[in-house]
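Trainee: Fold the following.
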Amino acid sequence: MLFDIITIFPEMFPGIIQQSMVKRAQDKGLVNIRTHDLRDFSLDKHRKVDDSPYGGGPGMVLKAEPLFRAIKAVTQEDPKAKRIYLSPDGELFSQKMAQELAQESHLVLVCGHYEGIDQRIRDTLIDQEISIGDYVLTCGELPALVLLDAVVRLIPGVLGSEESLQIESFSDYLLDYPQYTRPGVFEGMEIPDILLSGHHEKIRKWRRKQSLVRTRHRRPDLFRKVALTAEDIDLLKDS
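Mentor: Numbering: from 1, shown residues only. I've put the predicted structure just below:
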């Protein structure tokens with residue numbers, strides 16, 4: 001899978017994309033990540049890529065011309081590449097969206113800055129606008145990295161265990177169950193006896209119940225989307 005990232009801060013990426021699962025995916029040849037400095041596509045002698053907004057107002061807007069040239073350049077050999085603009089007023093990013101994007105072969109991530117990018121680029125060259133949450137960040141590079149990480153780990157062969165993808169948080173709108181590891185007693189706190197029982201079916205039901213209860217309490221918006229089974233209803237009776 002190919003990622004092309006258009007940014008005015010390319011130096012933000014090497015430290016992160018050369019770590020953990022993202023690095024492993026690249027080492028395996030499953031992912032290729034290229035960053036492009038938007039300033040390289042400016043015809044201004046000072047490599048300027050922004051200007052004040054028409055109509056007045058605070059801040060600056062990324063200009064249409066360099067963005068147009070950058071997007072056209074990275075999609076020249078693959079016009080079907082999916083072009084994504086990271087924006088606070090985009091569609092809210094989700095695990096389901098990450099799974100859909102993981103099916104693509106080429107993603108172009110456009111990182112906004114200041115007051116955003118010229119609307120004409122959004123209208124003509126952007127396929128999808130994505131937000132990672134209902135808050136405003138200084139730049140689009142951080143959302144791009146969040147999306148990158150979430151998508152890369154879903155590419156077959158990246159994670160060591162495919163089972164992890166099936167049981168992790170949000171795969172069925174449920175939050176994860178509590179996790180414990182050694183030592184069995186820490187600062188007087190013991191792990192639940194059920195996890196030491198060796199009874200796999202009882203452990204499965206305990207974990208399912210914990211996920212259900214945690215999601216209902218912390219994320220009722222997600223819980224309303226869960227397709228409860230008869231077993232789930234039974235597990236929740238005394239909770």
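
Trainee: same for the biggest strand by length in the chain, what does it pack against?
Mentor: In the chain, assigned by DSSP state E, the strand with the most residues is strand 82-92. Here strand 82-92 is seen to pack against helix 95-101, strand 106-111, strand 128-131, helix 141-152 when contacts are counted using 3 or more C-beta pairs under 8 Å, 6 or more residues apart in numbering; DSSP states H and E. No exception for glycine: its C-beta is placed from N, CA and C like everyone else's.

Trainee: quick one, which of those is nearest to residue 236?
Mentor: helix 95-101 (22.7 Å; C-beta to C-beta).

Trainee: So which elements touch the closest one?
Mentor: In this structure, helix 95-101 packs against strand 82-92, helix 141-152, with contacts taken as 3+ C-beta pairs under 8 Å, 6+ apart.

Trainee: and it, how far from the chain's centre?
Mentor: Centroid displacement of helix 95-101 relative to its chain, using C-alpha atoms, centre = their mean, to the nearest Å, is 8 Å.

Trainee: go on, stretch 87-107?
Mentor: Between the mean C-alpha position of stretch 87-107 and that of its chain there is a distance of 7 Å (C-alpha atoms, centre = their mean).

Trainee: same deal with stretch 49-60?
Mentor: Stretch 49-60 has its C-alpha centroid displaced from the chain centroid by 29 Å (C-alpha atoms, centre = their mean).

Trainee: Quick one: closest of the helices and strands packed on helix 95-101 to residue 47.
Mentor: Of the helices and strands packed on helix 95-101, nearest to residue 47 by C-beta to C-beta is helix 141-152, at 17.9 Å.

Trainee: pLDDT on the closest one, on average?
Mentor: Summarised as a single mean, pLDDT over helix 141-152 is 98.

Trainee: Other residues contacting the helix or strand encompassing residue 214?
Mentor: Secondary structure assignment for residue 214, by DSSP states H and E: helix 200-218. Outside of helix 200-218, the residues within contact range by C-beta atoms under 8 Å, 6 or more residues apart in numbering are 173-178, 192, 194-195, 197, 222-223, 226, 228, 231-232, 235-236, 239.

Trainee: which residues does the residue most central in space within the chain contact?
Mentor: The central residue of the chain, meaning the one whose C-alpha is nearest the mean C-alpha position (C-alpha atoms, centre = their mean), is residue 147 at 2.7 Å. For residue 147, the set of contacting residues under the criterion of C-beta under 8 Å, 6+ apart consists of 84, 86, 93, 98, 101, 109, 130, 132.

Trainee: And residue 24, by the same measure?
Mentor: Residues in contact with residue 24, defined by C-beta under 8 Å, 6+ apart, are residue 158.

Trainee: one more time with 10 Å, if that's ok
Mentor: Under the criterion of C-beta atoms under 10 Å, 6 or more residues apart in numbering, the contact partners of residue 24 comprise 30-31, 152-153, 157-160.

Trainee: on that earlier part again, among the contacts of helix 200-218, which are in strands?
Mentor: Filtering the contacts of helix 200-218 for membership in strands, criterion DSSP E, returns an empty set.
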